[in-house]
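[1] need a structure here:
(one chain, ligands or ions: 3)
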Amino acid sequence: MPPEAFTDLVVSAPKSAAAGLTAVAISMKHVMGNAGLMRGTSAMLKLNQKGGFDCPSCAWPDPDDHRSQFEFCENGAKAIASETTLKRVTPAFFAEHSVAELAGKTDFWMDQAGRLTHPMVLREGDTHYSEISWDEAFELIAKELNGLASPDEAVFYTSGRASNEAAFLYQLFARQYGTNNLPDCSNMCHESSGAAMMASVGVGKGTVTLQDLETAETILIFGQNPGTNHPRMLTSLQAAVEGGAVIVGVNPMKEAGLTGFMHPQQMMGMLGMATPLAEEFLQVRQNGDQALLKGLAKVLVEDGTIDEGFIREHTAGFEVYREHLLSLEWAELERVSGIERERIERVARQCASGERKVVTCWAMGLTQHKNAVATIQEVVNLHLLLGAIGRPGAGLCPVRGHSNVQGDRTMGVFEKMPGWFHDAIDREFGFESPRKHGWDTVAAIEAMHEGRGKVFYALGGNFLQATPDTEYTAEALRRCRLTVHLATKLNRSHLVTGKVGLILPCLGRSEKDRTGGKEQFVTVENSMSVVHQSVGHLAAASDTLLSEPMIIARTANAVLKGRSSVPWLAMGADYDLIRERIARVVPAFEDFNERVRKPGGFYLPNSARELAWTTESGRANFATHALSCLELEEGELLLQTLRSHDQFNTTVYGLDDRYRGISNERRVVFMNPQDMKARGIGPMEEVNLTSHFEGEKRHARHYLAVPYDLPRGACAGYFPELNVLVPLRSFADVSLTPTSKSVRVTIELAS
Ligand SMILES: Nc1nc2c(c(=O)[nH]1)N[C@H]1C(S)=C(S)[C@@H](COP(=O)(O)OP(=O)(O)OC[C@H]3O[C@@H](n4cnc5c(=O)[nH]c(N)nc54)[C@H](O)[C@@H]3O)O[C@H]1N2
Ligand SMILES: Nc1nc2c(c(=O)[nH]1)N[C@H]1C(S)=C(S)[C@@H](COP(=O)(O)OP(=O)(O)OC[C@H]3O[C@@H](n4cnc5c(=O)[nH]c(N)nc54)[C@H](O)[C@@H]3O)O[C@H]1N2
Ligand SMILES: [Mo]
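    Ligands and ions are numbered 1, 2, ... in the order given. You can find the predicted model right below:
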């Protein structure tokens, strides 16, 4: 596990606005520092442009028509800098550093080491990785996979950066090999949103476009930190504010990106003036959103400002929901949400004002709790009461994380795809895919720990660091016969291997892909269901790299030799052939090759947006759940694990969290000053954290306590380090998403 040394914390006042000139300076520093002047500039100018490549950072969409020359943000720049770095992790690097030595380095150090260049193997008993040829690597995988007693002993993980083409080939390979064990990062991310929305409105994706957001009258932002994680969203929020929208931020932390925004490309931003954003900021209690949402809905019902026509025509379950709302006590809603009735009434009346053009955005602050699905269904309930769905300027906006996490699902990366999808691939490829549901992330970890999962193959990501219960997951991976990682950069998952470990290095998004001797492009789907091209322009980091589709195709070809009629190698060498198959299997992808070549790509249809309800009831469902909130025991605090400004998930770009006033340290825990006082903890004093779950205790030692404006009982620290505290079996009802934002902890002074 990473070292526990401090790196010299400097704390200053948190910022009240995001972006501005500092952001421009910092983007340039990251890109130029890492990639060199020419490589860096040419990468940035192609970013998110038609004919350029899709930013490998977040999934926020690009404007349909008015792209500026700089369609990127500070954190996109950091992602590009990290990928286009001139440093290399070569066979010589691995000869110099043993695996044990590498495991003692920080995640930040590993990212700084540079790009992986050669396929590498760590054989049983070896202390160092050594080079292996591509052919030999594929043969090794084939031998292990074909030696398993059942295909269900293999696990195929996907991280959300994989292209549609790679994802489609990958799930096809796993299914023809014979398993649905396809866990993905979505299991830890927006699974709760998908599960909630599918049951309520029949689709698991957002129903709005950028245009809707920019023309909304009210925008509710729950549990999201756009200034850091979706900075380009701030441009749309600013446009909405200029059009008269009221923004309501709901968050236990006063995030800079919610309270103000300085646009770096505009003079006002240069001068350091912020456009005020959240007009109403509700500092909700940690996990208190469900109560707040019920309060908003109760006001609408009691005021009689609901859309009765919409409810009659489109919905089911209203009466039961109405009775439930009327039975709730205000005192209880105020206590659980931490927000006074008067403010809840004010926001509800804002939502009901004008043409009721309301957009609700949310991210991990809602999805990673035990009652996440119920809470998100409460968001949907609110929109159904207002009729605020499927109308211009109104709708649901789960803001996705990884740049193609939504597309990966569309392509069938899911442990439980519906029957029609299986029928379609069976018909297209002439085999019978398994129908038994596979393992999601949590189930896969348990299976590997118990010896039921024996081979682990990862299409990108950093499974060990991203998943809960780091020690337990590490042991699960060590018990495998083989672990395989398709990756661009070295990470900790590569250092905790099965008996044999393989690293297969691949091309990044920013790079020219000349697989099969021709210029290839890939496609992605953003958070608003636009499918478009991504074309890399830089020279490959190394001549030895293969593309993701080619690595998957060659894996499949080696494993399924003689057992498959799928033309793996031909598809791996020509992505048009993959897209032809996608067009025949995945709905709404007809003429994919032709349509995706049009600049800007195309929108996928969304039935809820069309007011067509593909639910069991054939209507949009009000979901009625009892009021719930995680109640703490005496002395406990509720810890959330979140992202700093200098990281992309488990990739750490730097040690600052600028907007929260933190410099040069990640080992911090943000606490309410009174909670600190009650424990005799002074500012910046060293503390130990213990998490509590069903009698089990987990520990994180040597953190510095930073007093912060948080509700009583809430505290916060950074993922991935604090994943050691997240219990594997603490997950959301229905979606099984780990409860990374609801960890019961006690904190005491380190002695
Ligand atoms: N630069 C950068 N961009 C990224 C990422 C990155 O790591 N770096 N990650 C990408 C990915 S995969 C994802 S999923 C997204 C994540 O984007 P976010 O969801 O914005 O990420 P988190 O840092 O987890 O922040 C969660 C927010 O929810 C708030 N919160 C926590 N608990 C609660 C609660 O109980 N109620 C409410 N209302 N709020 C709460 C936190 O205070 C914080 O503001 O970003 C994507 N974009
Ligand atoms: N405690 C806690 N845990 C969390 C979260 C949290 O908020 N709190 N958030 C969860 C969320 S929302 C998510 S999405 C997951 C993220 O989980 P993952 O997706 O598994 O993790 P990442 O850090 O995004 O993966 C980074 C690695 O991907 C590889 N990579 C980068 N680019 C490419 C590429 O183009 N191709 C390939 N093949 N590999 C590439 C690099 O080797 C890099 O080290 O973590 C989850 N875990
Ligand atoms: Mo995510």
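
[2] so residue 697, which of the three states?
    strand (DSSP: H, G, I helix; E, B strand; the rest coil).

[3] Number the chain from 166, please
    In the new numbering, first residue 166, that becomes residue 862.

[4] who's in contact with residue 478?
    Residue 478 sits next to no residue when contact means C-beta atoms under 8 Å, 6 or more residues apart in numbering. (Glycine included, C-beta is placed from N, CA and C.)

[5] Run a quick neighbour tally on residue 228.
    Residue 228 has 17 neighbours, counted by other C-beta atoms under 10 Å.

[6] Look through the stretch 766-915 of the chain and state the residue closest to ligand 3.
    Closest residue of the stretch 766-915 of the chain to ligand 3, C-beta to the ion: residue 814 (6.8 Å).

[7] Find the closest residue to ligand 3 in the stretch 316-465 of the chain.
    residue 354 (3.3 Å).

[8] how about the helices in the stretch 216-365 of the chain?
    Along the stretch 216-365 of the chain, counting by DSSP state H, counting those that start in this stretch, helices occupy 239-249, 256-261, 264-268, 272-277, 299-311, 329-342, 356-366.

[9] tell me what the fifth one is packed against?
    When contacts are defined as 3 or more C-beta pairs under 8 Å, 6 or more residues apart in numbering; DSSP states H and E, helix 299-311 sits against strand 620-624, strand 647-652, strand 665-670, helix 713-724.

[10] picking that back up, find the nearest non-adjacent residue to the residue of the stretch 316-465 of the chain closest to ligand 3, please.
    residue 566 (5.2 Å; C-beta to C-beta, 6 or more residues apart in numbering).

[11] Then residue 336?
    residue 577 (4.2 Å).

[12] Over to residue 713?
    Leaving out its chain neighbours, residue 713 is closest to residue 331 (C-beta to C-beta, 6+ apart), at 3.9 Å.

[13] How about the residues of the chain by ligand 2?
    Within the chain, the positions near ligand 2 by C-beta under 6 Å from any ligand atom are 221, 324-326, 350, 353-354, 529, 566-567, 624-628, 631, 651-654, 656, 671, 673-674, 713, 806-807, 814-816, 884, 888, 891, 905.

[14] so which of these are also by ligand 1?
    The subset of these within reach of ligand 1, by C-beta under 6 Å from any ligand atom, is 354, 529, 566, 567, 807, 814.

[15] can you list the helices and strands packed on helix 299-311 in TSV and add mean neighbour count and mean pLDDT?
    Converted to TSV, the helices and strands packed on helix 299-311 look like this (neighbours: other C-beta atoms under 10 Å; pLDDT from 0 to 100):
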stretch	mean neighbour count	mean pLDDT
strand 620-624	26	98
strand 647-652	25	98
strand 665-670	24	98
helix 713-724	25	98
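
[16] ok, residue 889 - contacts?
    166, 634, 635, 636, 863, 864, 865.

[17] which of these are buried?
    Among the contacts of residue 889, those classed as buried by 16 or more other C-beta atoms under 10 Å are 634, 635, 863, 865.

[18] Mark which of these are part of helices, please.
    Among the buried ones among the contacts of residue 889, the members found in helices (DSSP state H) are residue 635.

[19] Tell me who's in contact with the residue nearest to residue 354.
    Contacts of residue 566 (C-beta under 8 Å, 6+ apart): 223, 224, 325, 350, 354, 355, 394, 528, 529, 814.
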